[in-house]
Each structure stands twice: as structure tokens, then as C-alpha cells.
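Trainee: structure here, sequence nowhere to be found:
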């Protein structure tokens with residue numbers, strides 16, 4: 001009788017473990033299959049690298065990949081006007 005109870009407990013634990021594992025696998029597959037939203041891309045006015053608009057820096061109507069390129073572009077514009 002003791003062995004039957006132990007066997008039933010082990011069986012129940014195994015069933016719960018498999019059930020939760022299957023549910024986790026289904027959730028992971030659903031997340032992988034979720035469609036990605038395309039991001040708007042812009043081109044750095046200084047170096048020409050394309051990057052996502054949310055990562056870019058806009059100054060003076062131009063897009064830049066970073067603060068350093070924005071400053072270099074301003075300095076180049078000052079030299080051209082001088």
C-alpha cells in the first residue's frame with residue numbers, strides 16, 4: 001500500500017512537471033511567432049550610416065548617428081561659411 005501511494009505521488013509530480021513544461025514551450029513559441037513591427041530608418045548626414053529613427057539624433061533638420069557626428073557636421077558647416 002505504501003508503494004502505491006509513493007508511486008501515485010511521483011506520478012502526480014511528473015504529470016505536473018510535464019504539464020507546466022508544455023505550457024512554457026507553447027508560450028515561448030507564441031512569442032517567437034509574434035510579428036515584428038518595422039522601424040523607420042534614417043541616414044546619418046555625416047557618415048551615411050542607416051539606423052533606427054529612435055536611436056538617431058536630430059539637429060537642424062538633419063539626422064545623426066551620435067552627438068559627435070552632429071558636432072563635426074556643425075564645425076564643417078562653419079568652416080564652409082567662413
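Mentor: Sure thing, it's come through. Note that this is a predicted model, so its numbers are computed, not measured. Numbers count the residues shown, from 1 in each chain.
Trainee: C-alpha only now, for contacts and for neighbours.
Mentor: Will do.
Trainee: any chance you could map the helices in the chain?
Mentor: For the chain, the helices defined by DSSP state H cover 2-32, 67-81.
Trainee: quick one: closest of the ones you listed to residue 58.
Mentor: Across those, residue 58 has its closest neighbour in helix 67-81 (8.4 Å, Cα to Cα).
Trainee: which residues touch that closest one?
Mentor: Applying Cα atoms under 8 Å, 6 or more residues apart in numbering, the set of residues contacting helix 67-81 from outside is 45-47, 57, 59, 64.
Trainee: try it again with 10 Å
Mentor: For helix 67-81, contacts defined as Cα atoms under 10 Å, 6 or more residues apart in numbering pick out 44-47, 56-60, 62-64.
Trainee: where in the protein is pLDDT low?
Mentor: 34, 82 (pLDDT under 70).
Trainee: circling back to that earlier point, out of the helices of the chain, which gets nearest to residue 40?
Mentor: helix 67-81 (19.8 Å).
Trainee: ok now that closest one, how far from the chain's centre?
Mentor: How far helix 67-81 lies from its chain's middle: 32 Å, per Cα atoms, centre = their mean, to the nearest Å.
Trainee: for stretch 20-36, same thing?
Mentor: The answer for stretch 20-36 is 17 Å, by Cα atoms, centre = their mean.
Trainee: same check, this time on stretch 39-55
Mentor: In terms of Cα atoms, centre = their mean, the centre of stretch 39-55 is found 17 Å from the chain centre.
Trainee: picking up where we left off before, out of the contacts of helix 67-81, which one sits closest to residue 25?
Mentor: Using Cα to Cα, residue 56 comes nearest to residue 25 of the contacts of helix 67-81, at 36.4 Å.
Trainee: burial count for that closest one?
Mentor: Neighbour count of residue 56, defined by other Cα atoms under 10 Å: 19.
Trainee: got the domain ranges for the protein?
Mentor: In terms of domains, the chain is parsed into 1-34, 41-81 (source: automatic domain parsing).
Trainee: pick the most deeply packed of those domains.
Mentor: domain 41-81 (a mean of 14; mean count of other Cα atoms under 10 Å).
Trainee: thank you kindly, that will do.
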